[in-house]
Structure formats: structure tokens, C-alpha cells
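Participant: What would the 3D arrangement of this be:
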Amino acid sequence: MSGIVKAADFFQLPASLQSFAPFFSADTAPWEWLKAIGPALKAADFSGGQKIPPGVHVEGQVYVHPTAQLPHTATLIGPVWIGPGSKLLPGCFLRGNVIVGANCTVGHNAEIKNSLLMDGVQVPHRPYIGDSILGNGAHLGAGVVISNLRLDQKPISVRLPSGIVETGLRKFGAILGDKAEVGCNAVLNPGTVMGPRSLVTPAIVVGGYIPPATIAHMRGSVHLIPRRD
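Facilitator: Down below sits the predicted model:
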């Protein structure tokens, strides 16, 4: 698998997350990083974080960098690791095996599980992010859903230009390369792979592989008809 695409084709682990570097090889397929999130957090140092305010519910091991901003309400179910300068907004729900790099925004009512967000990721308005890797500077518009489970619950394959690759993963959302963007209310099907600087336009459903610096869009038309009393 790693000979087909490499994590290095999509992103580079930033300086803020270098303590996790032994677990995330640049030469392996990027979806292999999903398997490494849990072990990386199990080996992490959770000491030295800031005191959690009363309105933030915490279970398990949680580290929040002293410079990160916490809201008055949130739920953090560990293991969760939040990097420097990142901001969590009210009502966010991080439920296990979540790593957030530096200067990210995790929005109100955001739900995230088993995912890695690198530096400068912006997911500010009600996203669902399951079993995904978001590269540096990636951005999700309001209401984006990254679906991570097939309806038939079979293992997820990736459709690449070179052919279909079986990942062996039952849960796998998306890979977003550096500065990839997804418009409001779009849905990424399980196993979506977006190259760096690729873009999905709002309110569409997308799957498969989107090459770097490419826009995925769907043309539609709106018809106006008289309203009947």
C-alpha cells in the first residue's frame, strides 16, 4: 500500500507534533496513520497541561496546552491532546484518540473521534470528523460531515488513479492534504482522499480521490415557479 501513495504526498507532521513523530512514518500510506493515533497517545506525556475549568467535562487522559483556549462548556473524553494556541468553542465533543496541533479552531458542537488535526486546521462550525487525518491548514465549512462507516459496514477501500486499494479498515473517514478545503454542508464518503490544496464545493457528496489543487464541484440549476395558494 505504501508504494502507491505516501503520507509525505499529502502533509508533513508539524513541529508542534514532533513528539509523536516515531508513530507517523512519512513513507507509509496516509490511512495507516489512523492505526497509530491510539498508540501515539498511549505513549504521550500528559503532564504540564492547563487546569480544566468546571464547565468542561473530562474523562480519561486529557492534555491541553497552557496557551490553548477552552470554552465554558465542552466534553473531552480521553485520550485527547490539544496543542499550543488552539481554540475549542462551546459544546465541542472530542471522544477519544484525538490529537489537535497548534493554532487550530475546533468549533461549537464539533464532534471528533480517532482523528489527527495538524497545525492551523479550521473546523469552526458543527462538523463531524470521524477516523480522519487533516493536514496543515485544512479547512471545513459549516456542517461538513466526514462519514467513516459504510452502510453495509464492510471494510473500506480507496479508489486511486492506479486502482482500488483495500485498507482493511472498517472505519475510515477521509485524508485531507495540506490546505485542502471542504465547503459548507458537503459530505465526504468513507475513504475519501483529498490532495493538498484540493477543494470540495458546498452541499455535495464526494468520494474517491481528488488530485492536488483540484476543485470537485457539481453543476445544478434552481428553478423558480409560481407559488400556489
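Participant: got any ranges where this protein has weak pLDDT?
Facilitator: For the chain, residues meeting the criterion pLDDT under 70 lie at 1-3.
Participant: Let's see that with 90 instead.
Facilitator: Low-confidence segments of the chain (pLDDT under 90): 1-4, 161-162, 219-222, 229.
Participant: can you pull out the helices in it?
Facilitator: Along the chain, the segments classed as helices by DSSP state H run 33-42.
Participant: Scan the chain for its longest strand.
Facilitator: Criterion DSSP state E: the longest strand present in the chain is strand 163-169.
Participant: Note down every partner strand of that strand and its orientation.
Facilitator: When pairs are called by DSSP bridges, strand 163-169 turns out to pair with strand 156-160 (antiparallel).
Participant: that older thread, the longest strand of the chain: how far from the chain's middle?
Facilitator: Mean-position distance between strand 163-169 and its chain equals 19 Å (CA atoms, centre = their mean, to the nearest Å).
Participant: Numbering from 287 from now on, please.
Facilitator: Shifting the count to begin at 287 puts that one at strand 449-455.
Participant: Next, the buried residues of it.
Facilitator: Under the neighbour-count criterion of 16 or more other CB atoms under 10 Å, strand 449-455 has Val451, Thr453, Leu455 buried. Yep, even glycine has a C-beta here, placed from its N, CA and C like the rest.
Participant: Generate CSV for those residues, with distance to Ala312 as supplementary columns.
Facilitator: Shown next, in CSV, are the buried residues of strand 449-455 (distance: CB to CB, whole Å):
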residue, distance to Ala312
Val451, 18
Thr453, 18
Leu455, 20
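Participant: Pick the one among these closest to Asn383.
Facilitator: The shortest approach to Asn383 among the buried residues of strand 449-455 belongs to Leu455, at 13.7 Å (CB to CB).
Participant: what's the closest of the buried residues of strand 449-455 to Pro340?
Facilitator: Taking CB to CB as the measure, Pro340 lies nearest Leu455 of these, at 37.7 Å.
Participant: Can you get me a residue count around Pro352?
Facilitator: Using other CB atoms under 10 Å, Pro352 has 9 neighbouring residues.
Participant: Enumerate every residue touching it.
Facilitator: Listed by CB atoms under 8 Å, 6 or more residues apart in numbering, the contact set of Pro352 reads Gly334, Gly335, Gln336, Pro370.
Participant: Weed out the non-buried ones from those residues.
Facilitator: Gly335.
Participant: Can you lay out the contacts of Pro352 as JSON lines showing distance to Lys292?
Facilitator: Below are these laid out as JSON lines (distance: CB to CB, whole Å):
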{"residue": "Gly334", "distance to Lys292": "33"}
{"residue": "Gly335", "distance to Lys292": "33"}
{"residue": "Gln336", "distance to Lys292": "36"}
{"residue": "Pro370", "distance to Lys292": "28"}
